[in-house]
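A.B. asks: please find the sequence and the predicted model below.
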Amino acid sequence: MQTVKMVVTGPFNSGKTEFIRSVSEINVVSTERKISTMAEKTVKEATTVAMDFGRITVDEDLVLYLFGTPGQKRFDFMWEILSEGMLGFIVMVDSTRPETFREARSILETFRAYAPTPYVVAANKQDKQDAWEIDDVRHALRLDSKIKLLPCTATTRDTVKAVLLELLYSILAEMEHGKK
């Protein structure tokens, strides 16, 4: 059996935990803690402090392990640890919060420095009325047209699966390319 480690990263409150919960076949192992300060302007009550872990069996030969990173800067020491052995990563960006786009770009660059693996960017919360259009998100993040930027709603299993499949296809293509 082949296992594929994928990391789901992005700014605070971008939807990483919900993304993993939407598709995991096991109860997500989560290290969420109650937020003690309301300095963050959000209705969110808890934050991931170490990681989230979920698993999805694609078929009898392939299992995906999903590791969600903490989004708050004070827990970013976990990023490098979680990136070890990853075959690809997803950067979640909240399409309704353009003030987080610069941070999302910085996180993307950090993970690219950890490992030159395939990645995709998921424009989350596309179901919200105030979500930015995909082309506008791409422009704001300064993403090359070759980089896969996918619309997503982290609470909707089908869009989450579509993002995971795009990343998986990129990983498998790279593995095939490496064998030649």
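C.D. replies: Done, it's in. The shown structure was predicted, so the numbers you read here are calculated from the model rather than taken from an experiment. Numbering: from 1, shown residues only.
A.B. asks: phi first, then psi, for residue 4.
C.D. replies: phi -120, psi 120 (degrees, to the nearest 10).
A.B. asks: wait, doesn't it sit right on residue 168?
C.D. replies: Yes: taking CB atoms under 8 Å as the contact criterion, residue 4 and residue 168 are neighbours in contact, 6.8 Å apart. (Glycine included, C-beta is placed from N, CA and C.)
A.B. asks: list residues touching both of those two?
C.D. replies: With contacts taken as CB atoms under 8 Å, 6 or more residues apart in numbering, residue 4 and residue 168 have 64, 88 as neighbours in common.
A.B. asks: show me what the helix ranked longest in the chain is packed up against.
C.D. replies: When secondary structure is assigned using DSSP state H, the longest helix within the chain turns out to be helix 157-179. The elements that helix 157-179 packs onto, with contact taken as 3 or more CB pairs under 8 Å, 6 or more residues apart in numbering; DSSP states H and E, are strand 2-9, helix 16-23, strand 62-68, strand 88-94, strand 119-124, strand 149-151.
A.B. asks: as CSV, those with mean neighbour count, distance to residue 74 and mean pLDDT would be great.
C.D. replies: Conversion of these to CSV gives the following (neighbours: other CB atoms under 10 Å; distance: least, CB to CB, whole Å; pLDDT from 0 to 100):
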stretch, mean neighbour count, distance to residue 74, mean pLDDT
strand 2-9, 21, 15, 94
helix 16-23, 24, 16, 94
strand 62-68, 21, 16, 93
strand 88-94, 27, 19, 98
strand 119-124, 26, 22, 98
strand 149-151, 19, 28, 98
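A.B. asks: okay then, goodbye and thanks.
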